[in-house]
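>>> Structural data only, the sequence is not supplied:
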């Protein structure tokens, strides 16, 4: 499916340098509205709906289990991981390429981060039964995740009626930031302990696509730690 370029590369560069970089540096988060436009954004939404209807989305997993605590009391989303190259994901791939371009522009201006890779895209649905995600930090243990990017897909969303707000608790501040998951909105924030956040209970079907960009040096160190831990465990078991 061909997509009309909603914004040029020059526009993406300007948005990255004039909006995203200063906001991340000053506040730790930033969001932009109308990034793809109705046609391309609608195509992404339709592909996510198709995945949901086809049963592709599965319960999101927890990193470790807590005895006596049910998964749904912590996170209630259903997810799938996609690269964008899969059949029926061309619009999602278009979105990912656009975000890649913006982060590439940002990378040289953001602290001392060396951002050269990212995760696959996590397509997520909160099914509208009051499901949410309790307050957490994406990268509490230096696993390499540097910037979290979330693209929202929810038309005619009313936070008062539907809930589903992403609330950020910026470290060292006395305020919170409430981000409504509105259609064609793109959110950026630091993935580490600077930005604990939660997804408040959703009472309508809530779709989003999340990708994480890695600091290459922190990521390499995390992989080394994991390898050393695995090697040590294998030696002990043998």
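Here it is on my side, so go on. In this text, all values refer to a predicted model and were calculated from it rather than measured experimentally.
>>> from here on, contacts and neighbour counts on C-alpha atoms
OK.
>>> Could you give the average pLDDT over stretch 228-236?
Averaging pLDDT along stretch 228-236 gives 73.
>>> What of stretch 15-23?
96.
>>> Start and end of it, how far apart?
Across stretch 15-23, the terminal residues are separated by 11 Å (C-alpha to C-alpha, to the nearest Å).
>>> Return the set of buried residues in it.
For stretch 15-23, the neighbour count (16 or more other C-alpha atoms under 10 Å) marks 15, 16, 17, 20, 21, 22, 23 as buried.
>>> Could you do stretch 27-43 as well?
Within stretch 27-43, the residues that count as buried by 16+ other C-alpha under 10 Å are 27, 28, 29, 30, 31, 35, 36, 37, 40, 41, 42, 43.
>>> what about stretch 17-24, distance to the chain center?
Taking C-alpha atoms, centre = their mean, to the nearest Å, one finds the center of stretch 17-24 at 18 Å from the center of the full chain.
>>> what about the helices in this structure?
9-15, 21-26, 38-53, 90-107, 159-162, 216-237 (DSSP state H).
>>> What is the neighbour count of residue 51?
Using other C-alpha atoms under 10 Å, residue 51 has 17 other residues around it.
>>> Quick check, residue 121 in contact with residue 81.
Yes. In this structure, residue 121 is within contact of residue 81 by C-alpha atoms under 8 Å, at 5.6 Å.
>>> burial of residue 46, as a residue count?
Neighbour tally, residue 46, other C-alpha under 10 Å: 17.
>>> any idea how far it is from residue 151?
Residue 46 is 14 Å from residue 151, by C-alpha to C-alpha.
>>> Residue 96 too?
Applying C-alpha to C-alpha, the value for residue 96 to residue 151 is 10 Å.
>>> So the two - more neighbours on which side?
Between residue 96 and residue 151, counted using other C-alpha under 10 Å, residue 151 has the larger neighbour count: 27 against 20.
>>> surely that one meets residue 180?
No. Residue 151 is beyond contact range of residue 180, at 11.3 Å (criterion: C-alpha under 8 Å).
>>> List just the nearest of the buried residues of stretch 27-43 to residue 174.
residue 27 (12.4 Å; C-alpha to C-alpha).
>>> Backbone torsions only: list them for the closest one.
phi -120, psi -20 (degrees, to the nearest 10).
>>> Can you tell me the closest non-neighbouring residue to it?
Leaving out its chain neighbours, the residue that sits closest to residue 27 by C-alpha to C-alpha, 6 or more residues apart in numbering is residue 170, at 7.8 Å.
>>> Next, give phi and psi for that neighbour.
According to degrees, to the nearest 10, residue 170 has phi -60, psi 130.
>>> got a list of what it touches?
27, 28, 176, 177, 194, 195, 196 (C-alpha atoms under 8 Å, 6 or more residues apart in numbering).
>>> got a list of contacts for stretch 29-43?
Contacts for stretch 29-43 (C-alpha under 8 Å, 6+ apart): 3-4, 6-7, 19-20, 23-24, 91, 95, 153, 183-190.
>>> For PyMOL, write the selection for the buried entries among those residues.
In PyMOL, this line selects whichever of those come out buried by 16+ other C-alpha under 10 Å:
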select buried, resi 20+23+24+91+95+153+183+184+185+186+187+188+189+190
